[in-house]
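Engineer: Fold the following, please.
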Amino acid sequence: MQFQATPLQKTVVLVGAAIAAATASATPMVDLAGVQYVQYGDGQSYSMPFAVEDKCGGNTSGCQYYVQSSPGQISNLVVLATGTNNGPLNSNFAGMDNAYRTPDGNGGAPFFRSNASTYTGTQGTVNNNNANTWDSSLSALKGFLGGDQMVLFFNNNQINSGAGSLQSLAAWGQLSITNAANQVVGVYDFTNRGQQYGLFTSGLTGGVFMGDPSAYSSGGIGNPLAGNNTATDYVLSGGSICRLAGTPVPCSAPHDEEVNHNLGANNAAYAVLFPELTSQLNGLFASLGDAALADYTLHVDVRLGCDPAADQATCTAAPYGRELNNGYEQLFMGTAAQVSASGVPEPGSLALVSVAVLGLALAGRRRSAR
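Structural biologist: Model (predicted):
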């Protein structure tokens, strides 16, 4: 993270976290406290199928971690990227960009990034709206979150037959916040940290099982290292992960579970949290009014597939490919329960704010009419 907080700013962040926990709605989409994750830079990537197994006994019915993502399931959420060109799925709240357009089928582009060629418009206006990022005013974001924290869900929709290398996909992301003067006040990376491209269970990648995002510091706004399969900032998405007695292990080792994370377009394979970003947002939400928040902007730079700057020979090489090959990948935003530093949900006794504030937060979550 690239955000050097002064003592006053740190106090604001802590107060903001407490207020946000106190005002959180009773029904966030997921509560990820106690769920296994892998740390990639500033991000914590949670396996949804393993969460279903661990928290719901493998029963998807009524399980909060079984996140369906067909157009009808996510049309009332915030969609950052999708291959579907139909409203209201690709239209977001006022003060946000619409969903960027990912490739929409087999034979499409092998690489996606948010840029002018995939841009589909903005609802209303966004201060300092960048050409190469999905953008939202913090006032619009606060209204959607309604006191919960932001969680990003991702579909892995690669070809689900043939070689295993066809099912994996390279992914990288960078989230940043700018103030009214377009000064960058926070940068958060989802990155493999220049390590080997592969499954985190090898121990050679930038993924750290149950790692600490605060141990990572972003180098600031910039492009990822595309590199090759020996050194890259791109994270491997998809593929089979194995566990033994609940602990991830290489699939070549003894194991009692094996789950393919190439789940298709109808179910999210991963949920990603950025705890430090959440803390900064909570501080800003608590310290600034909506008028000021309208001038602060969240920017999301997401890239999927075979980066043109990468060693192209590695993009389809076994055992893990990189390029998009089936289209319709989706990145969308939902809500997760706020948690304390210990990872335990804050108690309801913190709810000491006014009913009026809570009412505004809940009302803000409702999607505007199209």
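
Engineer: now the strands for the stretch 101-250 of the chain?
Structural biologist: Using DSSP state E, counting those that start in this stretch, the strands of the stretch 101-250 of the chain run over 111-113, 122-123, 134-137, 149-154, 169-178, 184-190, 208-209, 235-237, 240-244, 247-249.

Engineer: nearest to residue 42, of those strands?
Structural biologist: In terms of C-beta to C-beta, the element of these nearest to residue 42 is strand 184-190, at 4.0 Å. For every residue, glycine as well, the C-beta is placed using N, CA and C.

Engineer: thinking again about what came up before, can I get the strands of the stretch 101-250 of the chain in TSV with distance to residue 279?
Structural biologist: Formatted as TSV, those follow (distance: least, C-beta to C-beta, whole Å):
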stretch	distance to residue 279
strand 111-113	28
strand 122-123	27
strand 134-137	18
strand 149-154	9
strand 169-178	12
strand 184-190	10
strand 208-209	20
strand 235-237	23
strand 240-244	29
strand 247-249	27
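
Engineer: Let's have those in CSV, adding distance to residue 37 and mean pLDDT.
Structural biologist: Formatted as CSV, those follow (distance: least, C-beta to C-beta, whole Å; pLDDT from 0 to 100):
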stretch, distance to residue 37, mean pLDDT
strand 111-113, 24, 96
strand 122-123, 32, 97
strand 134-137, 23, 98
strand 149-154, 11, 98
strand 169-178, 15, 97
strand 184-190, 12, 98
strand 208-209, 8, 98
strand 235-237, 13, 97
strand 240-244, 12, 96
strand 247-249, 11, 97
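
Engineer: who wins for proximity to residue 103 among those?
Structural biologist: Judging the strands of the stretch 101-250 of the chain by C-beta to C-beta, what sits closest to residue 103 is strand 111-113, at 6.2 Å.

Engineer: Can you name every helix or strand that that closest one contacts?
Structural biologist: With contacts taken as 3 or more C-beta pairs under 8 Å, 6 or more residues apart in numbering; DSSP states H and E, strand 111-113 sits against strand 297-305.

Engineer: Report the inter-axis angle for the strand it packs on versus strand 169-178.
Structural biologist: Computed by axes from the mean of the first three to the mean of the last three C-alpha atoms, to 10 degrees, the angle separating strand 297-305 from strand 169-178 equals 170 degrees.

Engineer: and the angle for strand 297-305 with strand 184-190?
Structural biologist: Using the same axes, to 10 degrees: strand 297-305 against strand 184-190 is 30 degrees.

Engineer: following strand 297-305, which helix or strand shows up next?
Structural biologist: strand 331-336 (DSSP states H and E).

Engineer: before we move on, back to that, which one of the strands of the stretch 101-250 of the chain lies closest to residue 66?
Structural biologist: strand 149-154 (11.6 Å).

Engineer: C-alpha coordinates for that closest one, PDB please?
Structural biologist: Taking Å, rounded to 0.1, in the frame of the first residue of the first chain, the C-alpha atoms of strand 149-154 are listed here in PDB:
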ATOM      1  CA  GLN A 149     -16.900  -3.300   3.100                       C
ATOM      2  CA  MET A 150     -16.200  -3.700  -0.600                       C
ATOM      3  CA  VAL A 151     -15.600  -7.200  -1.900                       C
ATOM      4  CA  LEU A 152     -14.800  -8.000  -5.600                       C
ATOM      5  CA  PHE A 153     -16.000 -11.300  -7.100                       C
ATOM      6  CA  PHE A 154     -14.500 -12.900 -10.200                       C
END
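
Engineer: and that strand, what other elements does it pack with?
Structural biologist: Using 3+ C-beta pairs under 8 Å, 6+ apart: strand 149-154 touches strand 270-273, helix 275-287, strand 331-336.

Engineer: What is the distance between it and the centre of its chain?
Structural biologist: 5 Å (C-alpha atoms, centre = their mean, to the nearest Å).

Engineer: what sits up against that strand?
Structural biologist: Residues from elsewhere that reach strand 149-154 (C-beta atoms under 8 Å, 6 or more residues apart in numbering): 20, 28-30, 32, 48, 67, 69, 80, 141, 171, 237, 268-274, 277-278, 281-282, 329-339.

Engineer: would you turn the strands of the stretch 101-250 of the chain into TSV with mean neighbour count and distance to residue 263?
Structural biologist: Listed next are these as TSV, based on neighbours: other C-beta atoms under 10 Å; distance: least, C-beta to C-beta, whole Å:
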stretch	mean neighbour count	distance to residue 263
strand 111-113	22	18
strand 122-123	17	29
strand 134-137	26	23
strand 149-154	24	10
strand 169-178	25	12
strand 184-190	22	19
strand 208-209	16	21
strand 235-237	25	11
strand 240-244	18	12
strand 247-249	16	18
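
Engineer: Okay, helices next: where are they in this protein?
Structural biologist: 7-23, 48-56, 71-74, 138-145, 275-287, 290-293, 355-365 (DSSP state H).

Engineer: which stretch in these is the model least sure about?
Structural biologist: Ranked by mean pLDDT, these bottom out at helix 355-365, with a mean of 33.
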